[in-house]
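Enquirer: quick one: sequence plus predicted model below, questions after.
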Amino acid sequence: MSWESVIGLEVHVQLATNSKIFSGAPTAFGAEPNTQACVVDLGLPGVLPVLNEEAVRMAVKFGLAIGAEIHPYSVFDRKNYFYPDLPKGYQISQFEQPIVGRGSLTVHVEGCEPQQVGITRAHLEEDAGKSIHDAYAGLTGIDLNRTGTPLLEVVSEPDLRTAAEAAAYFRQLHSLVRYLKICDGNLAEGSMRCDANVSVRRVGDPELGVRAEIKNINSFRFVEMAITYEIERQIELLESGGTVARDTRLYDAERNETRSMRSKELSNDYRYFPDPDLLPVELDQSFIDAVAADLPELPEAKLKRYVAQLELSNYDAAWLTQDPEVAEFFEAVFAQAGNAKLAANWVMGELSAALNKAELSIAESPVPAATLGELLQRIADGTVSGKIAKGLFDTLWQSGGDVDTIIAREGLQQVTDSGEIQAMVDEIVAANPDQVAQFLSGKDKVFGFFVGQVMKASKGKANPAQVNELLRAALKK
Amino acid sequence: MADIDIQHLANLAQLELSQQEISVVGEDLQRIMIMVDQMQAIDTGNVEPLAHPLDARQRLRPDQITETIERDLYQQGAPATADGLYLVPRVVE
Amino acid sequence: MDTDLSLAGLATGLRERSFSSVELTAALLAQIAERNPQLNAFITVTADEALQQAAAADAALAGGDSSALCGIPLAYKDIFCTRGVRTTCGSRMLEEFIAPYDATATARLAAAGAVMLGKTNMDEFAMGSSNENSHFGTVANPWDDTRVPGGSSGGSACAVAAGLAPAALGTDTGGSIRQPAAFCGVSGLKPTYGRVSRYGMVAFASSLDQAGVFARSAADIATVLPHMAGFDPLDSTSSEHEDPWLDACTTQPLGTARSGRIGLPKQYFRDLGVTEASLQSACQVLEASGFELVDVSLPHVDAAIPCYYIIAGAEASTNLSRYDGVRFGHRCDNPQSLEDLYRRSRSEGFGAEVKRRILTGTYALSVGYYDAYYLKAQKIRRLIQQDFLAAFADVDLIIAPTTPDIAFKRGDLVDDPVAMYQQDIYTIPASLAGLPAMSIPCGTHQGLPLGLQLIGPHFAEKRLLETAASFQQQTDWHLQRPGQNPQAADSGSET
């Protein structure tokens, strides 16, 4: 009597073009209401759409990155329905002949094998405006700035089986579009929105259950929570003898539940037909080839390379390649430092902690990648010890500067002169006869005391390995 | 020919018709569709639809900002605005 | 002053300072003021702006500007968005709409120095063949005010025929320039689809609409067309076709054609009825001029009307969805809900014919009917285009009647939409195929004008206009004016 869930995601990716998909109005986020809606976006009488080349290029880039077939011939259709944030009374979208066909995305769920998730298609369409419901009594305010922003709608196959997989897929898609620089990935600003189609069926049942659609989820966490709730809701309903209604739902994060929307869209017949103001898109192979030549190293390939060539662990590689800015930073650190493991440790450790505490993104790091790389070089070549380096990092973080200059100015070089260390060792050993006796009588832990004393005497700069070696030798006597 | 559901079409098209109008328009549409059904007599077996008279492809526009937005001008004739927003009766989602 | 000159004559007069643009404009405005109350050709007369533009043109002329349209007053169908000027499309929906931007076609004419007299009356949203569907009242046919001027560009046709404007812009989707041109005894051209930008021209049926010109002669049309035509990056359906001949028409007078093969579609030339005499006589003139007349066949033209009404209806039904009372245009009083806002605003704003077409189009696109109607119509459209292309492999031009009869009486067809649609029987096929087509006067019947339609291959405006010019050199139908000897010139009484 066990259930399985079947999940498909439709993700709307806002493409990072300068101008709208069908007009020359700007797309920047956050402008005063309706100051970025030109006559075309407003759907005034007589206006006409003209297609943005960059939106097409970005769609093709995405298609190539997921190994999909690019359809050189594609058509824009009108999707007809009435809503105040849709000025023309139709949305220009692509119905039967989208620009990108079947592809796939490899998704890593923690603790599981990587999974190939099928992508049915991706198509271009225009975004609608925004409704503001609570500002005016009994009225809704409409801001059409967002109208006409290019969207790439990515439709997955119903290959996902758990909420965690769905969240991981969304995350992976997010990472990919940022790598491709086709979307800024700013979820808070609505740069990516996810609709989840969720149904359940008994294990072994070949038929799909009735699905509900949860609309407009805009965080990884909420994707997982909303789907989890919905699966449970459907199972409970079916187990108590009810039926799942095929409806559209909204996720309420505060109450952690999904709620049915007034099914305004279900009763709609969209009456799709080719938009007569636009001609069919026909792409030359040279256009597609130019886009292909411009593809960056994709996250999956980068991950594999980090593991194979840099000998990083899967975990570290996955961590570092999630965000293209992090990967870029890491690679710059590594290029300078020459030691991948060291670079990985510091980026994932010290740097990450400092960034989180200061609530900065890696792009805003006050310590540039090259500088961190230099610091790591000085660790690797023995100039400073790891411990000293941490302090140096803090100095760089607070006040910037150049690594070697700070080392010289504050005399942070490790002491590696065996003569000097020997002198300190002899002094400490001579000054602490009780502890010597303890050590010789078998209390190995006391060794730490001696190390501590030597380090203190050297103000932390004595090379720990040499200290160890010389102390051992001295204490044997 | 089956009766055309005028009320349904009016709903889709957001038009409000009185019972009388529905009846008149219903008759008009029936007559129009009888005329239109003449099309069925023509064999269009292997014919490709013609969406545009000219066999041309969509031109791609460079991604540049070319519009100057004159919001106040555009909103001059708007039925109801406040703080730059267009106002409509409260929409329930 | 005599305002009844050709555009070339007017341009000469302006250049030679026989009169100024202000004088010419003022004279026309006076005539409009006197006659528009009965004719109702104009919805908006932009008197002050026109005189200002005329004054500016006079300054330009004084400075040596010699372009053919500098200081020439024109009238524009109220479907073209004109910045700062009311643009109504003949509808209550846009009764108070002031366009915030200019249509490319009219902006280009303004840039060429033309003066805008005003916006002319039309069937609402270009849907109609009689100008009886206008919220702003019917337009009178200047030849007989109990009859319609044709539609949807009835106001522009009337204005030119009545001498209120030397030329005027119209739009033609299924015959809306050609048919009123025929009814009003003027020349009217619908250019090749894509020839003139549709940006700013309120859309009725996007794959059929074209802006065109009414004037007293082919020569005058050739003077106006080059300034409006040409690629526009703001219109995806605008053609990049280069036409040096058309460009040269800005300075060169229109030539004439004296030879070529002209096709007579047998599907048209069988039941001519009222138009028979004038067409036969036109054929004789053409043959005598040196043209060879041959039979051609357009086997699928009988399906053109249903095909057109489905395609135009479908496109129009969605083009008109933007009229929702939200951002501009008519809004109902005290909307109680969003639905109420939409339904009442739209139902109050649109007239009966518009609603009929919206419902027809909605039906054709609705679930279950798309293949049988819309897709079927698109296929028939290709067959019709193929018919023409096959014919043009054999002939240079095709001629046909423009209309089945003279202008009908006001009220005759208002209650019979299907009968009204049949008015466009000769004009629709060229629209479906995107071909250039024009109507020129070729006779009269019972004192009312009849038109000869010339249809050419894509971008063959040269062929059309030069053939028309040749015809107009041999005949004087185009020189007839309403009120001059209406019976004497009746072609029905000629051999």
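Expert: On my side now, so go ahead.
Enquirer: and the longest strand along chain B, what other elements does it pack with?
Expert: Across chain B, the longest stretch assigned as strand under DSSP state E is strand B:85-89. Packing partners of strand B:85-89 (3 or more CB pairs under 8 Å, 6 or more residues apart in numbering or on different chains; DSSP states H and E): strand A:130-136, strand A:139-143, helix C:338-349. All C-beta atoms are positioned from the backbone trio N, CA, C, and that covers glycine.
Enquirer: recalculate using a threshold of 7 Å.
Expert: When contacts are defined as 3 or more CB pairs under 7 Å, 6 or more residues apart in numbering or on different chains; DSSP states H and E, strand B:85-89 sits against strand A:139-143, helix C:338-349.
Enquirer: for my notes, please list those in JSON lines and give mean pLDDT, mean neighbour count and distance to chain B for each entry.
Expert: Formatted as JSON lines, the helices and strands packed on strand B:85-89 follow (pLDDT from 0 to 100; neighbours: other CB atoms under 10 Å in any protein chain shown; distance: least, CB to the nearest CB, whole Å):
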{"stretch": "strand A:139-143", "mean pLDDT": "96", "mean neighbour count": "22", "distance to chain B": "3"}
{"stretch": "helix C:338-349", "mean pLDDT": "97", "mean neighbour count": "21", "distance to chain B": "4"}
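Enquirer: relative to C:Leu465, which of those is closest?
Expert: C:Leu465 lies closest, by CB to CB, to one member of the helices and strands packed on strand B:85-89: helix C:338-349, at 38.9 Å.
Enquirer: burial count for the residue of the stretch 1-150 of chain A found nearest chain C?
Expert: Going by CB to the nearest CB, chain C is nearest to A:Gly89 of the stretch 1-150 of chain A, at 2.5 Å. A:Gly89: 24 surrounding residues under other CB atoms under 10 Å in any protein chain shown.
Enquirer: ditto for C:Ser207
Expert: C:Ser207 has 25 nearby residues by other CB under 10 Å.
Enquirer: got the contact list for the closest residue to it other than its chain neighbours?
Expert: Among residues not flanking C:Ser207 along the chain, A:Pro276 sits closest, at 4.2 Å (CB to CB, 6 or more residues apart in numbering or on different chains). By CB atoms under 7 Å, 6 or more residues apart in numbering or on different chains, A:Pro276 lies in contact with B:Ala51, C:Ser206, C:Ser207, C:Glu315.
Enquirer: reformat these as TSV; add secondary structure, pLDDT and distance to C:Val22.
Expert: TSV is the format used below for the contacts of A:Pro276 (DSSP: H, G, I helix; E, B strand; the rest coil; pLDDT from 0 to 100; distance: CB to CB, whole Å):
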residue	secondary structure	pLDDT	distance to C:Val22
B:Ala51	coil	85	48
C:Ser206	coil	98	39
C:Ser207	coil	97	42
C:Glu315	helix	97	42
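Enquirer: and C:Tyr268, how far is that from chain A?
Expert: 28 Å (CB to the nearest CB, to the nearest Å).
Enquirer: do I have it right that that residue meets C:Pro429?
Expert: No: using CB atoms under 7 Å, C:Tyr268 is not in contact with C:Pro429, being 9.5 Å away.
Enquirer: of those two, which one has the most company?
Expert: More neighbours surround C:Pro429 than the other of C:Tyr268 and C:Pro429, with 33 against 21 (other CB under 10 Å).
Enquirer: ok, that one - contacts?
Expert: C:Leu298, C:Val301, C:Ala304, C:Ile384.
Enquirer: and of those residues, the nearest to chain B?
Expert: C:Ile384 (8.4 Å).
Enquirer: and the closest one, helix, strand or coil?
Expert: helix (DSSP: H, G, I helix; E, B strand; the rest coil).
Enquirer: can you pull the contacts of A:Val11?
Expert: So A:Val11 contacts A:Val154, A:Phe170, A:Leu173, A:Met192, A:Cys194 (CB under 7 Å, 6+ apart).
Enquirer: rewinding a little: who wins for neighbours among the contacts of A:Pro276?
Expert: When neighbours are taken as other CB under 10 Å, the top entry among those is C:Glu315 (28 neighbours).
Enquirer: what residues are up against that residue?
Expert: Contacts for C:Glu315 (CB under 7 Å, 6+ apart) come out as A:Pro276, C:Ala205, C:Ser206, C:Ser207.
Enquirer: setting the sequence-adjacent residues aside, check what's closest to it.
Expert: Using CB to CB, 6+ apart, the closest residue to C:Glu315 is C:Ala205 (4.3 Å).
Enquirer: now the one you found, what's its secondary structure?
Expert: What three-state DSSP gives for C:Ala205 is coil.
Enquirer: contacts only, for it.
Expert: Contacts of C:Ala205 (CB under 7 Å, 6+ apart): C:Thr173, C:Ile311, C:Ala312, C:Glu315, C:Ala316.
Enquirer: do C:Gly260 as well
Expert: Listed by CB under 7 Å, 6+ apart, the contact set of C:Gly260 reads C:Phe291, C:Asp396, C:Leu397.
Enquirer: I appreciate the help and will end here.
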